[in-house]
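In: Compute the structure for the input listed below.
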Amino acid sequence: MQTTITPDTEVQERFARAIFNGFEAYFAEFQNITLAARSRFERADWLGMHKASTERIDLYKKKVGEVIRYVDVIAGTNKNEYPFWRAVKQYYSGLIEGHSNFEIAETFFNSVYCSVFEHRLIKDDHAFVFSTQGDMPKSDMTRVYRSYAWQDDPSVTFRALLKDYEFAIPYEDLERDLDSISQLLSSFLAPKFTLLPGQTEVQVLEHHFFRNKCAYIVGRIVTGDDSMPFVIPLLHSEKHQIYVDTVLFGSDRVSVIFSFTRSYFMVDASVPSKYVRFLQHLMPAKPISEIYSAMGYNKHGKTYYYRCATRHMQTTNDKFIIAPGIKGMVMSVFTLPSYDFVFKIIKDRFTPPKEMTREQVKAKYRFVKRADRAGRMADTQEFNQLVLDRSRFSDELMEELYEVAPSIIHEKGSALIIDHVYVERRMTPLNLYLQNATDEQVYDVMDEYGNAIKQLAAANIFPGDMLLKNFGVTRHGRVVFYDYDEIVPLVECNFRKIPAPRTEAEEMASKPWYTVGPNDIFPEEFRLFFSGNQRARKVFDQMHSDLYEAKFWQNLQDKINSGYVEDFFPYRRKYRFNPLKKTG
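Out: Numbers count the residues shown, from 1 in each chain. Coordinates of the predicted model:
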């Protein structure tokens, strides 16, 4: 029996195809930008690498916008009808059935739908809240890695590996690097594993991971039921040759490389889910949503996060509470004790002396999303019209929300709808961490705090408000900045030394006797950020007192303005084979 094509079904099918074609165009351009990363790395085009990273982040919104332009043309008045979208979704489901990247295609459909309906009434009838095909394609990840047999002399294995992953420019000293790898294998790996030829192999993802000024080889050593994840960072020497900077073994060290505090990788993965599955084996504690985001698919990372969050809330019964720590002037933060994330909403009115608008705060978060986060700023997921179970909110939290942000809180039946919210990984606020820290922990964390400020500055980011409460400590002991309402590009700041008083009256004055411009910053005043914690300040002064000098900041500005791109190592300096070695 032949199916009758009506004018309505023809429009629905054309519209579904328009969305699908938009997804295919997005994915192809995403891949093209990514494929150029290898050439940029070989040319040491670091500014081009950063520009391409930003361009790729902006690409998604651009491609969704292009599809939206066809909405009125194809759908007409049907665009506002839910039955129309239900039928379009059915056609679209047929188009992506069995597609190797159906999960990302579903997210693209959701983005078009949400753009039309402004994130309202997101249900499985009209959008892909959950997928009938599962969370991820059932793909064979053995097709995306190369295998190397383990030899009696491990340098033979790693020589073959490094030769397969060489670039158009030569290694600076391959024999030296192989010797360093062999020594590390003997001292670190041999005591933990019995690695025998015929029983051990090295599995390596087929393409490099590029970010900033580094290319990474990612894999694992497998022997029997045991495996050891590893990452090999490759850098440019001053002569623009390649060298192995270190080998990082273990899930924790690999996880730091793929941290939610860093900009996204460029990796040639035509079927991203295969790479995600392999990486999840290397880092079982890392959420799959963060792995998708780390590869540049942050929108699908958001979809995956939402699905996992929904399931978590369906299987738990604890209540949302006000997050521990000092309350912010701009944001109100709450969390679910059983879940490792916090929810941040912008207040209706900011606590003095803060003077900015909600849109200005949102702009700061967009700036962070596109910036090189240098491993020191948390990535966030942004939700509009987020629907949560009202009964899961404590009375204290509801009182807080209605007090600070009543304009964006709505109750509808059993649901609590929040117009706009940011979600990010939960960390221990630095000021709270210091309260119970040992002397050794204080030393380590204050060194981290100073390094965080310096690395952000080298990435052309000035945090603004550097109070301890605005930084968090991750489970790996890294210090991360997460209060973005005052960040600005470093080059827009005017760092000054406080002028010496000319008279006794000026010296005794309660207010500055000198003029202060809107962008003026006096680093000597940074000591005030430690008020109430002299133990932390004493340690900080021993290691990072250069931050109190205007000249330190001015020199950084000069380097940034000259086009210099700083090295950001996502691992401890002590792990490097040659910590004093400079890169190109």
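
In: okay, CA-based contacts and neighbour counts for the rest of this
Out: Will do.

In: Low-confidence bits of this structure, can you list those?
Out: For the chain, applying pLDDT under 70 flags the ranges 1-7, 531, 580, 582-584.

In: which helix is the longest one in it?
Out: helix 7-35 (DSSP state H).

In: C-terminal to that helix, what's the next element?
Out: helix 37-43 (DSSP states H and E).

In: Show me what that next one is packed up against.
Out: helix 46-68, strand 209-211 (3 or more CA pairs under 8 Å, 6 or more residues apart in numbering; DSSP states H and E).

In: switch the cut-off to 7 Å
Out: Where contact means 3 or more CA pairs under 7 Å, 6 or more residues apart in numbering; DSSP states H and E, helix 37-43 is packed against helix 46-68.

In: ok, and for the helix it packs on, which residues are buried?
Out: 46, 48-50, 52-54, 56-57, 59-60, 63-65, 67-68 (16 or more other CA atoms under 10 Å).

In: any residues touching it, and which ones?
Out: 18-19, 22, 26, 30, 33, 37, 40, 111-112, 212-213, 370, 565 (CA atoms under 7 Å, 6 or more residues apart in numbering).

In: May I see those residues arranged in a markdown table, with neighbour count and distance to residue 98 as well?
Out: Below are these laid out as a markdown table (neighbours: other CA atoms under 10 Å; distance: CA to CA, whole Å):
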| residue | neighbour count | distance to residue 98 |
| --- | --- | --- |
| 18 | 18 | 19 |
| 19 | 25 | 17 |
| 22 | 22 | 18 |
| 26 | 21 | 19 |
| 30 | 20 | 21 |
| 33 | 17 | 26 |
| 37 | 27 | 29 |
| 40 | 17 | 34 |
| 111 | 22 | 21 |
| 112 | 23 | 21 |
| 212 | 26 | 35 |
| 213 | 23 | 37 |
| 370 | 18 | 33 |
| 565 | 19 | 43 |
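
In: out of these, who's nearest residue 535?
Out: residue 565 (34.3 Å; CA to CA).

In: In what element of secondary structure is the closest one found?
Out: Counting by DSSP H and E, residue 565 is found in no helix or strand.

In: Can you list phi and psi of it for me?
Out: The phi and psi torsions at residue 565 (degrees, to the nearest 10) take the values phi -110, psi 120.

In: Number the chain from 112, please
Out: From this message on, residue numbering opens at 112, which makes the last subject residue 676.

In: quick one: residue 567 and residue 482 touch, right?
Out: No - between residue 567 and residue 482 there is no contact under CA atoms under 7 Å: 10.2 Å.

In: which residues are common contacts for those two?
Out: If you check residue 567 and residue 482 against CA under 7 Å, 6+ apart, no residue is contacted by both.

In: How about the contacts made by residue 128?
Out: So residue 128 contacts nothing (CA under 7 Å, 6+ apart).

In: what about it, distance to residue 315?
Out: Residue 128 sits 37 Å away from residue 315, going by CA to CA, to the nearest Å.

In: Strands of the stretch 512-661 of the chain, residue ranges please.
Out: Taking DSSP state E, counting those that start in this stretch as the test, the strands found in the stretch 512-661 of the chain are 520-523, 526-536, 539-540, 572-573, 582-584, 590-592, 599-600, 605-606, 631-632.

In: Single out the most deeply packed of those strands.
Out: Comparing the strands of the stretch 512-661 of the chain by mean neighbour count (mean count of other CA atoms under 10 Å), strand 590-592 comes out on top with a mean of 27.

In: what's that strand packed up against?
Out: By 3+ CA pairs under 7 Å, 6+ apart, strand 590-592 packs against helix 550-569, strand 582-584.

In: Tell me which of those sits nearest to residue 519.
Out: strand 582-584 (26.4 Å).

In: Distance from that closest one to the middle of the chain?
Out: Using CA atoms, centre = their mean, to the nearest Å, the mean C-alpha position of strand 582-584 is found 15 Å from that of the whole chain.

In: Over to stretch 384-393?
Out: The answer for stretch 384-393 is 17 Å, by CA atoms, centre = their mean.

In: about what we covered before: report the angle between the longest helix of the chain and helix 157-179.
Out: Counting by axes from the mean of the first three to the mean of the last three CA atoms, to 10 degrees, helix 118-146 lies at 180 degrees to helix 157-179.

In: For helix 118-146, buried residues please.
Out: Going by 16+ other CA under 10 Å, helix 118-146 has these buried residues: 122-131, 133-135, 137-138, 140-142, 144-145.

In: Among the strands of the stretch 512-661 of the chain, which comes closest to residue 183?
Out: strand 526-536 (25.8 Å).

In: Spell out which residues make up each domain of this structure.
Out: 118-228, 252-408, 427-537, 540-686 (automatic domain parsing).

In: Output these as JSON lines; include the columns distance to residue 241.
Out: Output for these, formatted as JSON lines (distance: least, CA to CA, whole Å):
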{"stretch": "domain 118-228", "distance to residue 241": "9"}
{"stretch": "domain 252-408", "distance to residue 241": "14"}
{"stretch": "domain 427-537", "distance to residue 241": "15"}
{"stretch": "domain 540-686", "distance to residue 241": "30"}
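
In: closest one to residue 245 among those domains?
Out: Short answer: domain 118-228, nearest of these by CA to CA, at 8.3 Å.

In: residues contacting residue 260?
Out: By CA under 7 Å, 6+ apart, the neighbours of residue 260 are 268, 311-313.

In: Most widely separated two among these?
Out: It's 268 and 311 that sit farthest apart of those, by CA to CA, at 10.9 Å.

In: got any residues that touch both of the two?
Out: By CA under 7 Å, 6+ apart, the residues touching both residue 268 and residue 311 are 260-261.

In: count of residues packed around residue 188?
Out: 10 (other CA atoms under 10 Å).

In: Also residue 617?
Out: 14.

In: quick one: the residue nearest to it when sequence neighbours are not counted from residue 233, how far?
Out: Spatial nearest neighbour of residue 617, excluding adjacent residues (CA to CA, 6 or more residues apart in numbering): residue 624 at 5.8 Å. Distance of residue 624 to residue 233, given as CA to CA: 58 Å.
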